[in-house]
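# sequence below, structure please.
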Amino acid sequence: MKKVFSIFVVILLVIGLYACKEEDPIIEPIDLSQIYPQNDVYYEIFVRSFADSDGNGIGDLNGITQNLDYIEELGATAIWLMPINPSPSYHGYSITDYYDIESDYGTLEDFQNLVDEASLRNIDIIMDLVINHTSDQHPWYISALNSTSSQYRDYYIWNNGNAYESFVGGMKDLNFENPEVIAEVENIMSFYLNMGVHGFRIDAAKHLIEGNNATIENALLIFEFNQYMKEINPDSFLVSEVFDYNYEFLTDYYIGSDSVFNFNVAGNVWDKIGYGNNRYLFASNLKKAYDDFRSIKPDFVDSPFIGNHDVDRVASMGGFNTYNTFEKLSLAARVFLTLPGSPFIYYGDEIGMKGYRYEGSNIPGYGTVYDEYRRQPFLWGSATYQTTWLPSDGSNDQTPSLLNQKDDQNSMFNQYREMIEIRKNNPALMYGNYFEPYVNNTSNIQGYLRYFMYEDIEQAVLVLHNLSMDSYSVDIEYLEILYGTLDIPAYGSLIVTVDPSRIEDYI
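Presented below is the predicted three-dimensional model:
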């Protein structure tokens, strides 16, 4: 759980305590992170590419542990680790042992140390839980393939002697009609929750069960897993990956999930900010999705993102890589870091890294590549932790390293760092899921109101974004400017607090 204190809350309480008479009881500060333990700022890490602690060119768990200072400096309060279990694939999504660690990454002891050290800094860790399928080299599958009487035969789905796979590459789907498979997954969850892991990301959630009623059956299956998790840790977090840009296909997964990755947010950011298409629909599109989620789960926790390991880097996408690249990337960051829920930052996006998918190209010194360059080595700017498992394709030759960006107050890194700090210091941005489009939205200015109230704590924040190439001045009543100016530059933003008793004036 987090120990992130809102400056807003602390100031109010200090004023209140100062005004109290000497005989009045002391009021303990309210730690909203304890009340809302599923609201975090996540940092997604592909371990192989992040930080190498032993000089072999491959990122590892100890490399992350040794760079928790960096994650803390960025402002992230939680980490999502992409698969760390043994796997024959470079990406790790074909697992051979759920109870061990990929040898390239370290040992279970190294992982326990990472969890413990992160906890000392109040940084939570969630793991990629790859349960839709196992590797075809997993002992379960090898046994099932070799004998129809194997105890693991019904762990898989068979058709004419062939095991079904929803993803190619030796990944065999598990059979969730079998209660023993469900019990295995719960054992895996228990194993890592007892190590101190905060929760899991359910990979390929919409493929767990396939068929006419797949959505509701998957939602109920995930509900069962989530209930099991909550028995171990009531504050644990389960986020489902439902890879679909239509929010209507995400909604029902809130029946069982604490959160669902919001591909709809990502698609709207890419389209409206990157390409500039139908900009006037931006805030209203987001509201439609939020209202839909709220109809299933009123206290839903969204998981917005603008980049992850399955898509080209935002900086390489059309619309972002043509003109005003820095300004557009900065705006995209300010947008998703001011939306409801727990935002997920893909490692390297905070320094503007590029990367895109190849279709079977040959890279000298490596071989045939597909999505490797969406997940290429982080640019530290120093050899100390630099990973070298994948040779450069030149896509980041002009991308400033972290070392170069830290001292540049106008760098992408410092844009992210500032916006994360603003988010954590303002409960209307960090907690709750209130979202209403600004009443005076246009094709150029798109804004929304975020509001939060808990007991005596109340705050309203108005966020305005300029989605155009021209500067615009706005005339609004406000209490405090948190970011920007009333003269909003091209692709700029203005974030202000407003009177909570007058929020109807802004929506």
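# helices or strands up against the helix or strand hosting I126?
If you go by DSSP states H and E, I126 is part of strand 124-129. Judged by 3 or more Cβ pairs under 8 Å, 6 or more residues apart in numbering; DSSP states H and E, strand 124-129 is in contact with strand 78-81, helix 108-120, helix 179-193, strand 199-202, strand 237-240. Where C-beta positions appear, they are placed from N, C-alpha and C, glycine not excepted.
# quick one: contacts of the fourth one?
Meaning strand 199-202. 80, 124, 126-129, 131, 189, 192-193, 208, 222, 225, 229, 236-241, 257-258 (Cβ atoms under 8 Å, 6 or more residues apart in numbering).
# what are the buried residues along the biggest helix by length in the chain?
What stands out as the longest helix in the chain, according to DSSP state H, is helix 214-232. By neighbour count on 16 or more other Cβ atoms under 10 Å, the buried set for helix 214-232 is 215, 217-219, 221-223, 225-226, 228-229.
# hmm, back to that, pull up the pairing partners for the strand holding I126, direction included.
Its sheet considered, strand 124-129 pairs with strand 78-81 (parallel), strand 199-202 (parallel) by DSSP bridges.
# now find how far off-centre the last one is within its chain.
Right, strand 199-202. Chain-centre distance of strand 199-202: 11 Å, with Cα atoms, centre = their mean, to the nearest Å.
# could you dump it to PDB, C-alpha only?
Backbone C-alpha positions of strand 199-202 (Å, rounded to 0.1, in the frame of the first residue of the first chain) are rendered in PDB as follows:
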ATOM      1  CA  GLY A 199      -1.600  -8.000  -7.400                       C
ATOM      2  CA  PHE A 200      -1.600  -9.100 -11.000                       C
ATOM      3  CA  ARG A 201      -2.200  -8.100 -14.500                       C
ATOM      4  CA  ILE A 202      -4.300 -10.700 -16.200                       C
END
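# what mean pLDDT does stretch 35-42 get?
Across stretch 35-42, the average pLDDT comes to 97.
# end-to-end on that stretch?
Start-to-end span of stretch 35-42 (Cα to Cα, to the nearest Å) is 18 Å.
# which other residues reach that stretch?
Against stretch 35-42 from outside (Cβ under 8 Å, 6+ apart): 1-2, 33, 75-80, 124, 126, 235, 237, 258-259, 301, 303, 337, 341-345, 420, 423-424, 430-432, 454.
# now which of those residues would you call buried?
When the contacts of stretch 35-42 are checked for burial by 16+ other Cβ under 10 Å, the buried set is 1-2, 33, 75-80, 124, 126, 237, 258-259, 301, 303, 337, 341-345, 420, 423-424, 430-432.
# about what we covered before: any idea of the angle the strand holding I126 forms with helix 214-232?
140 degrees (axes from the mean of the first three to the mean of the last three Cα atoms, to 10 degrees).
# give me the angle between strand 124-129 and helix 179-193.
Interaxial angle of strand 124-129 relative to helix 179-193 (the same axes, to 10 degrees): 150 degrees.
# who touches strand 124-129?
Identification of contacts with strand 124-129 by Cβ under 8 Å, 6+ apart yields 1-2, 40, 42, 77-84, 92-93, 114-115, 118, 185, 188-189, 192, 196-203, 237, 239.
# make a ChimeraX selection of the buried ones in these.
Buried residues within the contacts of strand 124-129, by 16+ other Cβ under 10 Å, are selected in ChimeraX with:
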select :1,2,40,42,77,78,79,80,81,82,83,84,92,93,114,115,118,185,188,189,192,196,197,198,199,200,201,202,203,237,239
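# give me the low-pLDDT residue ranges for this protein?
For the chain, the stretches flagged by pLDDT under 70 are 1-27.
# nearest residue to the middle of it?
Closest to where the C-alpha atoms of the chain average out (Cα atoms, centre = their mean) is F344, at 2.3 Å.
# quick check: that residue touching T77?
No: applying Cβ atoms under 8 Å as the test, F344 and T77 come out as separate, 11.7 Å apart.
# hmm, back to that, put the alpha carbons of the longest helix of the chain into CSV.
Only the C-alpha atoms of helix 214-232 are listed here, as CSV (Å, rounded to 0.1, in the frame of the first residue of the first chain):
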residue,chain,number,x,y,z
ALA,A,214,-17.1,-15.6,-23.5
THR,A,215,-17.3,-12.0,-22.1
ILE,A,216,-19.6,-12.8,-19.2
GLU,A,217,-17.9,-16.2,-18.5
ASN,A,218,-14.5,-14.5,-18.4
ALA,A,219,-15.8,-11.7,-16.2
LEU,A,220,-17.2,-14.3,-13.7
LEU,A,221,-14.0,-16.3,-13.8
ILE,A,222,-11.9,-13.2,-13.0
PHE,A,223,-14.4,-12.4,-10.3
GLU,A,224,-13.6,-15.8,-8.7
PHE,A,225,-9.9,-15.1,-8.9
ASN,A,226,-10.3,-11.6,-7.5
GLN,A,227,-12.4,-12.9,-4.5
TYR,A,228,-9.6,-15.4,-3.8
MET,A,229,-7.0,-12.6,-3.8
LYS,A,230,-9.0,-10.5,-1.5
GLU,A,231,-9.2,-13.2,1.1
ILE,A,232,-5.4,-13.1,1.2
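# quick one: list the elements packing against it.
Packed against helix 214-232, as judged by 3+ Cβ pairs under 8 Å, 6+ apart, are the following elements: helix 179-193, strand 199-202, strand 237-240.
# try it again at 6 Å.
Judged by 3 or more Cβ pairs under 6 Å, 6 or more residues apart in numbering; DSSP states H and E, helix 214-232 is in contact with helix 179-193.
# list the buried ones in the helix it packs on?
Judged by neighbour count (16+ other Cβ under 10 Å), helix 179-193 contains these buried residues: 181-182, 184-186, 188-189, 192-193.
# and for stretch 241-257?
241-244, 247, 249-257.
# residue contacts, Y290?
By Cβ atoms under 6 Å, 6 or more residues apart in numbering, Y290 lies in contact with F435.
# next one: K287
Listed by Cβ under 6 Å, 6+ apart, the contact set of K287 reads P437.
# okay, and it sits in which element?
Taking DSSP H and E as the criterion, K287 maps to helix 282-296.
# domain-wise, how is the protein divided?
Split into domains by automatic domain parsing, the chain comes to 7-130+180-434, 133-173.
# dump those domains to a markdown table, plus distance to Y478.
Compiled in a markdown table, the domains of the chain are given as follows (distance: least, Cβ to Cβ, whole Å):
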| stretch | distance to Y478 |
| --- | --- |
| domain 7-130+180-434 | 13 |
| domain 133-173 | 50 |
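# so of the ones you listed, which one's packed in deepest?
With neighbours defined as mean count of other Cβ atoms under 10 Å, the domains of the chain peak in mean count at domain 7-130+180-434, which reaches a mean of 19.
# follow-up on the earlier one: contacting residues around the longest helix of the chain?
Residues outside helix 214-232 that contact it (Cβ under 6 Å, 6+ apart) are 176, 186, 189, 193, 208-209, 236, 238, 240, 252-253, 255-257.
# what does stretch 64-71 give?
By Cβ under 6 Å, 6+ apart, the surrounding residues in contact with stretch 64-71 are 43, 51, 53, 114, 117, 121.
# nearest to N362, of those residues?
Checking the contacts of stretch 64-71 against N362 by Cβ to Cβ gives A51 as the nearest, at 27.8 Å.
# nearest residue to that closest one other than its sequence neighbours?
G63 (3.0 Å; Cβ to Cβ, 6 or more residues apart in numbering).
# right, and the helix or strand after the helix or strand that contains that neighbour?
G63 belongs to helix 61-65 when assigned by DSSP H and E. Remark: after helix 61-65, the chain's next helix or strand is helix 68-74, criterion DSSP H and E.
# just checking, W140 touches S150?
No: using Cβ atoms under 6 Å, W140 makes no contact with S150, being 8.6 Å away.
# which residue ranges of the stretch 351-500 of the chain form strands?
Counting by DSSP state E, counting those that start in this stretch, the stretch 351-500 of the chain has strands at residues 361-363, 367-369, 436-437, 445-454, 457-466, 472-473, 480-483, 487-488, 493-498.
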